Structure formats: C-alpha cells, structure tokens
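Peer 1: generate a structure from the sequence data that follows.
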Amino acid sequence: MTTKFQTALHLVYPPRCLCCGGLVETDFGLCATCWRDAAFITGLVCDLCGTPLPGEAHPTEVVHCDDCMTIARPWSRGRATFLYRDTARKLVLALKHGDRLDIAKPVGVWMARAAQPILQRDMLVAPVPLHWTRLLKRRYNQSALLSATIARETGLDHCPDLLTRHRRTPSLDGASRDMRFATLSAAIRVTPSRSHRMAGRNVLLVDDVMTSGATLAACAEACIASGAAQVFVLILARVAKDA
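Peer 2: Just a heads-up that it's a prediction; the model follows:
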C-alpha cells in the first residue's frame, strides 16, 4: 500500500532536484548536473577541518592543512562534507536564507556519513548558535536543523540549545581572519542550564559553513572551559583556498 501511494504521489508531485528543481528519480536527490557540480570531499583530508589535501588517504595517517598548522584549533578533529562552491554553495544559501528547510534532512544525512571517522561513543551533538535577534528574524537556526538530523542518523544525544550567542556580532562576510577571531572572542557561552549535559563528554559541534574557523573556535573554547572532554567539529561546506 505504501509503495502504491508513493507511486501515485510521484505522478502528481514528481521528485525534484534539491538544488535546481529539475526532475529526478528519487525524493531528496540531486540531478546529474548538480551531482557532478557537488564538490563532495573525499580522499585525504585535513584531520582538523576536513579540507581536501593532495595525496592518498591512509587509515593511520593524520595530516593537517596549512591553515590548521598555522592557527591553533581548540578542537580535536573535524570533517566537512563539501567544498563551498557550485552546488554546495547554492544548497547552503537556500537553506540559510531561502526558507528551504527541506534541504536540512538530506544534507544532514550526507554530513553524518562524512562524520563517521571522528564519531565517539556517548558524544553530544550541538549546533553553533544564532543570536536571538537573528533567530527571530530568520525564524530557525539552520545549524540546529542539521544537527538534529545528524543526531538521529548517528543515534547520538542532541542538545540544540547547549550554546548561547549572548552578544550580537556584525556580518563577517569579507572580513579578515584576524577580524573574525577578534569579533567572535567571548561572544559565545555554554547555556548554564545545559552545562551538566556536557560535563566530561565529547561534543560534536555542527555548522553550515567554515571560513576561518573563528565561530567554531569560540564555541569549542566555551565547551572546553565548561567541562567538555574534547570537542569535534562537523561542517556542511568548507571554504578552501582553491574553492
């Protein structure tokens, strides 16, 4: 009965590409062109931020990109799903600014797969927070939508309000790395009523885009200061120098 219903539904509402809206064979998929232009990150990657690196991946090899060898990262390991360009950029912008909440579930599934090498038992999944004024305007936190899917896919605990952005920061588009870090310093805190959930546990921070890593660093530092064992990061799309 379910199969027949789905078939009938597809006759009326045929599946559409998540990115361009073209016809596809299955729900929540990408068409051939958008899939081709989706810069999925595979192979050898930086173990701290997920940036793809030249060379072949080896199970026991841990390597870092130039940025992560230069900048102290307060988290232990990280992964990213896409490079921030082409299809990935369109998906991020549609989710973030286009009210495309339907994108969160399928890309969250892809993120959960990318996270497999860094997942730990009893890990607590939490999103990077928005300031309340920005949340009021946007009506949702895209990173929280992603983290909810990731928690479901991995069977891990989810705490959507673990962190609070207590100071509104200006848009950092086009800002220098130093400006990003200075602006976000001490802007994020652990929500007092949620700190007990994190004590002594590993935390997986989820965000949609990583550029300099300043936001994730502020979140990781807050978690460590409040008793987290280690912090790991998972990003939908990584802005890389060759992107």
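
Peer 1: which residues sit in contact with L204?
Peer 2: L204 sits next to 115, 118-119, 123-126, 150, 156, 231-234 when contact means C-beta atoms under 8 Å, 6 or more residues apart in numbering. C-beta coordinates here come from the backbone N, C-alpha and C atoms, glycine included.

Peer 1: doesn't it belong to a helix?
Peer 2: No: the assignment for L204 is strand, going by DSSP: H, G, I helix; E, B strand; the rest coil, so no helix is present there.

Peer 1: quick check: bridge partners of it?
Peer 2: V125, F232 (DSSP bridges).

Peer 1: how close does the residue nearest to D161 when sequence neighbours are not counted sit to T51?
Peer 2: Take D161 and drop its neighbours on the chain: the residue closest to it by C-beta to C-beta, 6 or more residues apart in numbering is T191, 5.5 Å away. Using C-beta to C-beta, to the nearest Å, we find T191 at a distance of 30 Å from T51.

Peer 1: now for C20, how many residues are close by?
Peer 2: 14 (other C-beta atoms under 10 Å).

Peer 1: now do the contacts for the closest residue to C17 other than its chain neighbours.
Peer 2: Nearest residue to C17, sequence neighbours excluded (C-beta to C-beta, 6+ apart): C31, at 4.0 Å. Counting by C-beta under 8 Å, 6+ apart, C31 touches 17, 19-20, 22-24.

Peer 1: quick one: pLDDT of C31?
Peer 2: As summarised for this prediction, C31 has a pLDDT of 94.

Peer 1: next one: T3
Peer 2: According to the model, T3 carries a pLDDT of 52.

Peer 1: and A186, helix, strand or coil?
Peer 2: With three-state DSSP as the basis, the three-state label of A186 is coil.

Peer 1: quick check: buried residues in stretch 149-157?
Peer 2: Neighbour counts over stretch 149-157 (16 or more other C-beta atoms under 10 Å) mark 149-151, 153-154, 156 as buried.
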